[in-house]
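Colleague: Sequence first, then the predicted structure, then my questions.
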Amino acid sequence: MQQLLFTVDKISTFVGQAFSWLIVALTLMITWEVFSRYVLDSPHAWAFDVMIMMYGTLFMMAGAYTLSKAGHVRGDVLYGFFEPRTQATIDLVLYILFFVPGVVALTYAGYTFAAESWVMNEHSSITASGPPIYPFKTMLPLAGAFLLMQGIVEIIRCLICIKQGAWPSREEDVEEVDVDKLKEMVHVKDEDIAKLDRFVVQQEGTK
Amino acid sequence: MKIRKELWFGFSLMAIILVVVTIFTPWAGFADGHLSRDDLGALGLLMLGLIVVAIMLGFPTAFTLMGMGVFFGWIAYRSVNPELATQQILDLMVQRAYSVMSNDVLIAIPLFVFMGYLVERANLIEKLFKSLHLSLARVPGALAVATIVTCAIFATATGIVGAVVTLMGLLALPAMLRAGYNIKLAAGAITAGGCLGILIPPSVLLIVYGATAGVSVVKLYAGAFFPGIMLAGLYVGYVIILAKWKPHLAPPLSAADRQVPLPPLSQTLSSRSGNALAGLFGALGVPSLPKRQVVTQLFVSLLPALSIAALLVVMYAGATKPTAEVDTSGLVQSGGAISADEDKSAESSGLQEPPKEEGGLSEPPKDSADLKEPPADSVPAASAAAAPAAPAAASVAAAKEPAAASAAERVPAPTWYWIVFGLGMAGLLLVSWLMSWQRLEIFKMLLASFFPLAVMIIAVLGSIVFGLATPTEAAAVGAFGGLVLAGAYRYVAAKQAKSGNAVARTISDLGGILKESSFLTAKTSAMVCWLFVGSSIFSASFALLGGQEIIEHWVLSLGLTTLQFLLLSQFIIFILGWPLEWTEIIVIFMPIFIPLLPKFGVDPLFFGLLVALNLQTAFLSPPVAMAAFYLKGVSPKHVTLNQIFAGMLPFMGIQVLALFLLYMFPGIGMWLPELLYK
């Protein structure tokens, strides 16, 4: 079971990370486009469409990755105070109540949406002879499917947690505020912080 | 089992909402399958109540919104036509999702986020803080002031509250504690400063608000600039006054702490003359000294003078150019810009600015003088209008003007120019006279940390605000700049470390930075944009049910004045800021407030500024203040959360004061956008 969880996690992570490189491509492309337009005086008509497609694909395909790393924003007022078992029960109910219907609907609707686009051989209408848009629309059901897959894994996680009373582990990933890394970056060690306590205690003593 | 107070509070709140929901649910309508218009409206409100409960329970908000939106939207459609309902809600959903995917405002979010992560990893905050606190050493409460300034600049460039607070907690807190600063003051300065990034543009919050409310992000950026500066200024003012008034809270730095170690060359030279400039000039003639080093030092110390001189020359050229219809010089210089900007730059007094902001990308030192420019520029406001600058190249167009006679000749420099010239010269003399060896070292440190970042921010913001680039383009170029910055700083660090090949080391470092930053960017953008997908489905269903109309009716029936309405809405947002994150507040609740604004004659732009300022407090208000927890995570163990909260309180008061000031004098926020875009 644990193996299955990790496998799906890995797939989501791999897909999300692979698509996250689009941000580098996007940065370079727009920078080049700005240079090309203002300095070389040769703007590209397709640039806008491509920009949008890169952005849309980037965040859609990272959805499952973010879910697998528990990165989607949640109201943390009460949740943090709950026992893991309570947390898992709430999550389980709400996954089935909200997540599954929502994402299934999105994936199914996205599938017909993209299929129509393929049949029509749809091209972007922002500029004349715009680039084809059906691959971009295909991202919608695709992202939905990955998300659903990851969601099912999360549901299994909830079940395991209810059974065992503790959350099954997740694989590690880069974090926004990685305190240890930041400490290393500015060359501060734990001992240094501990030494500072002297000043704090001293201040409290004089009060 | 003992249940904690917070849980009790939360549960009773939820229970109240649920009871209200059950009472008002039109059960009868469900039973016979006919829901009237009123029933649907009631359902809309229930949906809003339920979403609050669901969010408080802690399920990922994006999916809560999505699931609830689909369900309630389906009910709304079914009440009209049961057969088509399923197809209709699916269509609505996919349209909404696709509109977020192809949103040309939101595209700036990943780019700015990426820029932030890159700048954060460039590892310049240490130098930034050190150089700032040394250069501010004479100001009362120097360390706290430097902390706030560092936070303001760094948070502006990165926009990541958690990282800024953590880093400053690692750097500034030890420094302040060692210097004998009061713990509360130190904690307050760090947490309050760290939150500035969400207000001062380029902030992601303003993009999200702009996308939700349909307000131009460019205007929001122009508008938020001065309130942001004002807030930072108020913080600094508070610290200075407090340090002056109660010196034991923030004792001045000892002389030893202010000393900067001098490099050997400066040490030998400083024995000859106290003034760096004179010393260096004198050293040119001495053969025993390394010539190259002396010349480099001299160049660095002359940079302020050079930049002032360059500025004066540019201004002279601008002020004395022949009169003509359109100013294209700046546009040509900056590589050409959209023609729409031409009238704008010709009519505003800031006509010399756009080209220079742009030039700042390639010539950082010159741009440092730009910082001093705005005050000087306000003098010419009137006279510049009388003598608009234009290039000789435009003389064909100028011939059509009545004033064409003088077109070929240079206009004599107006009086304001000579005033500025005098001020510039005085400043130059002052700088040269004050340039001691110590100050030269500090200046060099500033040059290496403060100016590149400041120039980057000014270039990004300037090009957006003056219409040279769209926010997306500026964000992308900014991200590229962040990459260059990260590369440059890593290269310097690798070179100093002297371990192996510096270039190879930098490239491998940069690869790691790029990888981490991309992954984080993907996660953050997915978080924000999926929230958008969810909320756009949710708000569509809310509108379908007619919930919006009911709220509008209700609010209008209260007969509020504009002031009361603003107070009420800001108060609600303030309260919501306690349990919710700013993304959720803006994405879910702004669509409800925005349609009410025209009814009360409130500009959505102004409202956005108030909201952005207001949400600052959400980061600082206990007990959910994220900033406090980040700081607690890296502070010595005897610093308690209560001390941090207590330290944050005065700064929260200042935020409320700033909100009040902005409300009383809307010009603080509205002046710049009105000047530029009206």
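Modeller: Yes, it's here.
Colleague: check contacts around residue 192.
Modeller: All of this is about chain A. B:Pro174 (CB atoms under 8 Å, 6 or more residues apart in numbering or on different chains). (Glycine included, C-beta is placed from N, CA and C.)
Colleague: think we crossed wires, I meant chain B
Modeller: By CB under 8 Å, 6+ apart, the residues touching B:Ala192 are B:148, B:151, B:235, B:620, B:627, B:648, B:651, B:654-655.
Colleague: now, which of those residues lie within strands?
Modeller: Assigned to strands by DSSP state E, none of the contacts of B:Ala192 qualify.
Colleague: Show me which of these is closest to chain A.
Modeller: Chain A lies nearest to B:Ala627 out of these, by CB to the nearest CB, at 11.3 Å.
Colleague: Provide a list of residues in contact with the closest one.
Modeller: Contact partners of B:Ala627, counting by CB under 8 Å, 6+ apart, are B:161, B:165, B:191-192, B:194-195, B:619-620, B:648.
Colleague: From these, which one has the minimum pLDDT?
Modeller: Lowest pLDDT of these: B:Phe619, 74.
Colleague: what's the closest non-adjacent residue to that one?
Modeller: Distance criterion CB to CB, 6 or more residues apart in numbering or on different chains; nearest residue to B:Phe619, sequence neighbours excluded, is B:Cys195 at 4.3 Å.
Colleague: Make sure the one you found is actually in contact with B:Ala155.
Modeller: Yes - in terms of CB atoms under 8 Å, B:Cys195 counts as a neighbour of B:Ala155; the distance is 7.4 Å.
Colleague: Which strands and helices lie in contact with the longest helix along chain A?
Modeller: Identified as the longest helix of chain A according to DSSP state H is helix A:134-164. Counting contacts by 3 or more CB pairs under 8 Å, 6 or more residues apart in numbering or on different chains; DSSP states H and E, helix A:134-164 packs against helix A:2-20, helix A:47-68, helix A:84-94, helix A:100-120, helix B:85-101.
Colleague: most packed of those helices?
Modeller: Using mean count of other CB atoms under 10 Å in any protein chain shown, the stretch among those with the greatest mean number of neighbours is helix A:47-68 (a mean of 25).
Colleague: near chain B, anything from that one?
Modeller: Yes - against chain B, helix A:47-68 shows contacts by CB under 8 Å from any CB of the partner chain at A:48, A:51-52, A:55-56, A:58-60, A:62-63, A:65-67.
Colleague: pLDDT weak spots in chain A?
Modeller: Applying pLDDT under 70 to chain A flags residues A:204-207.
Colleague: residue nearest the centroid of it?
Modeller: What sits nearest the mean C-alpha location of chain A, by CA atoms, centre = their mean, is A:Thr66, with 2.9 Å.
Colleague: In contact with that one, which residues?
Modeller: By CB under 8 Å, 6+ apart, the residues touching A:Thr66 are A:16, A:72, B:522-523, B:526-527, B:530.
Colleague: Can you classify the closest residue to it other than its chain neighbours by secondary structure?
Modeller: Nearest residue to A:Thr66, sequence neighbours excluded (CB to CB, 6+ apart): B:Ala526, at 4.2 Å. Under DSSP: H, G, I helix; E, B strand; the rest coil, B:Ala526 falls in the helix class.
Colleague: what residues are up against B:Ala526?
Modeller: A:16, A:59-60, A:62-63, A:65-66, A:71-72.
Colleague: Which pair of those spans the longest distance?
Modeller: A:Met60 and A:Gly71 (14.7 Å; CB to CB).
Colleague: Was I right to think B:Leu568 contacts B:Leu560?
Modeller: Yes - in this structure, B:Leu568 is within contact of B:Leu560 by CB under 8 Å, at 6.7 Å.
Colleague: Tell me the helices and strands packed up against the host helix or strand of B:Leu302.
Modeller: Under the criterion of DSSP states H and E, B:Leu302 resides in helix B:291-319. In this structure, helix B:291-319 packs against helix B:264-270, helix B:276-284, helix B:364-367, helix B:415-434, helix B:437-465, with contacts taken as 3+ CB pairs under 8 Å, 6+ apart.
Colleague: residues near residue 144, how many?
Modeller: Let's take chain A. 25 (other CB atoms under 10 Å in any protein chain shown).
Colleague: Oops, wrong one, chain B.
Modeller: Burial of B:Ala144 is recorded as 32 neighbouring residues (other CB under 10 Å).
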